[in-house]
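Novice: Here is a sequence together with a model predicted from it:
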Amino acid sequence: MQGVDPRPGRVPRAATPARAAATDRALPRRAEPDARRHSLIEAAMRVLARAGANGASVRAIAQEAGVSPGLVGHYFSGIDALIAETYTHVDAMVTQALNAAVAAAPSEPRAQLEAFVTASFTAPIAQPALLATWIAFWSLVTSQPQIARQHDEQYAGYRARLEQLLRAAGVAEGDLRHAAIAVTALVDGLWLELCLSPQCFSSEEAGAIARRFLGTVCGDMVGE
């Protein structure tokens, strides 16, 4: 009969546990293309967080996603392209969280500025896994031109948004650029330390430090 193994004592391959497991692993192949790409990007995020940039290979990411390396190659031209798209995805996640914080804040300019800045010290941004992924991207800036370009574009976008909020909060036009650079550096430093050594200070303390610095930048603490 067709489909039956004629050898005695053998069962059809499709019925074996190993074959079933292989079938389960193959299920993502039948997903929609966008879902497949997204699952590979999420797998890349996990590998970057766990193993850093040096450990992020096509094979490692494919294994993390439960697919063959060939499927990764079908959707991305190589590991550099996958890492670059993962960087874009992570930046979009952070930007969405920052915008949500501003949208949830009172309409006063100062409140929106503080919400934008202090959002980096709470979930979903202040998480060790996200920091580890971000550090992996930073480590590639000096060796990967595409990542360097993305870094410059993303930070330029962050500072441009910050300048808008600083302007609305009353910072003089001539001071906006330096103020945005200073606030960005403060946020990066506090975020880094908060995620690496959360026992040293709390997210509330990080927010208080940032708000006090914003007070200086906006001129409220002059003469104190």
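Specialist: Yep, it's here.
Novice: In the protein, which helix is the longest?
Specialist: As assigned by DSSP state H, the longest helix anywhere in the chain is helix 79-104.
Novice: can you list the domain ranges for the chain.
Specialist: Residue ranges for the domains of the chain, per automatic domain parsing: 12-76, 81-218.
Novice: And the spatially most central residue of the chain, how far from Ile147?
Specialist: Per C-alpha atoms, centre = their mean, the C-alpha nearest to the average position across the chain is that of Val90, at 2.7 Å. Distance, Val90 to Ile147, by C-beta to C-beta, to the nearest Å: 12 Å. (Each C-beta comes from the backbone N, C-alpha and C, glycine too.)
Novice: what touches both of those two?
Specialist: Phe137 (C-beta atoms under 8 Å, 6 or more residues apart in numbering).
Novice: List the contacts of Leu190.
Specialist: Taking C-beta under 8 Å, 6+ apart, we find Leu190 in contact with 120-121, 206, 209-210.
Novice: Who are the packing partners of the longest helix of the chain?
Specialist: Secondary-structure packing of helix 79-104 (3 or more C-beta pairs under 8 Å, 6 or more residues apart in numbering; DSSP states H and E): helix 33-51, helix 58-65, helix 109-118, helix 128-140, helix 145-168.
Novice: ok, and what's touching the last one?
Specialist: By C-beta under 8 Å, 6+ apart, the list of residues contacting helix 145-168 from outside reads 80, 83-84, 87-88, 91, 95, 98, 102, 109, 112-113, 116-117, 137-138, 140-142, 173, 176-177, 179-181, 183-184, 217-218.
Novice: Please list only the buried members of those residues.
Specialist: 83-84, 87, 91, 98, 102, 109, 112-113, 116-117, 137, 140, 176, 179-180, 183, 217-218 (16 or more other C-beta atoms under 10 Å).
Novice: Perfect, I'm done here.
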